[in-house]
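Chemist: What follows is a predicted structure for the sequence shown.
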Amino acid sequence: MQNEINAGLVIIKEESKWLQELRWRCEKSSQQKIGKELGYSAAVINQVLKGTYKGDVEKVEIKIRGAYLGETVGCPVIGELEKNICIENQQREFSPTNSTRVKLYRACQTCPHSDNRKGEVA
C-alpha cells in the first residue's frame, strides 16, 4: 500500500493486484528473471515497480495478468488462452509457413483483443 498526504489527510492507495503480484514475484526471484519471462528487460520491470515507466504500462499489466494471474481471452483461432500469449501472438511477424500462424495473423487484424486492428482511427 502507498500512503499519500493530501491537504493534511492521509489517503491510502491500494496497489493493484497485478502490481502486487509483480512485486511479490520479483522479491521471490529477480527483476531480471521476471522480465525475461514476460519479454521485458529488468530495467522495464524496475521502472514499472517504481511507477516511472514511460512505455505501454497497460501492455505490461496485461502480460502479468495472463502469465501470473491466469486471466484469459477467447481467441477465434485457438480458443481460450492467457492474455500474455495473446499479446505474443499479436507481436509475431506474418509467416506463411505455418497454417495456424497465418490464421492468427488474419484473425488479429479484426479481433477486439488485438492492438493490431486494421482500419481503426486512434
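Modeler: Noted; the coordinates are in hand.
Chemist: Kindly confirm my reading that Val73 forms part of a helix.
Modeler: No. The assignment for Val73 is strand, going by DSSP: H, G, I helix; E, B strand; the rest coil, so no helix is present there.
Chemist: what's the nearest residue to it if we skip its chain neighbours?
Modeler: The shortest distance from Val73 to any residue other than its chain neighbours is 4.7 Å, reached at His113 (C-beta to C-beta, 6 or more residues apart in numbering). From N, CA and C alone the C-beta is placed, and that goes for glycine too.
Chemist: cool, Ile85 as well?
Modeler: In space, Ile85 comes closest to Gly66 once its chain neighbours are excluded; the distance is 6.5 Å by C-beta to C-beta, 6+ apart.
Chemist: Ok, Ile62 next?
Modeler: Leaving aside its sequence neighbours, Ile62 is closest to Lys83 (4.8 Å, by C-beta to C-beta, 6+ apart).
Chemist: How many residues are close by the one you found?
Modeler: Neighbourhood size, Lys83 [other C-beta atoms under 10 Å]: 21.
Chemist: next one: Gln109
Modeler: Other residues within reach of Gln109, judged by other C-beta under 10 Å, total 13.
Chemist: do the same with the one 3 residues further on
Modeler: A count of neighbours around Pro112, defined by other C-beta under 10 Å, yields 8.
Chemist: again with the one 3 residues further on
Modeler: Applying the criterion other C-beta under 10 Å, we find 14 residues in the vicinity of Asp115.
Chemist: now swap in Ser29 and tell me
Modeler: 11.
Chemist: do the same with Cys111
Modeler: The burial count assigned to Cys111 is 20, neighbours taken as other C-beta under 10 Å.
Chemist: pretty sure it contacts Gly74?
Modeler: No. Checked against C-beta atoms under 8 Å, the pair Cys111 and Gly74 is beyond contact range at 9.5 Å.
Chemist: Can you name the residues that contact Val60?
Modeler: Listed by C-beta atoms under 8 Å, 6 or more residues apart in numbering, the contact partners of Val60 are 38, 40, 44, 48, 53.
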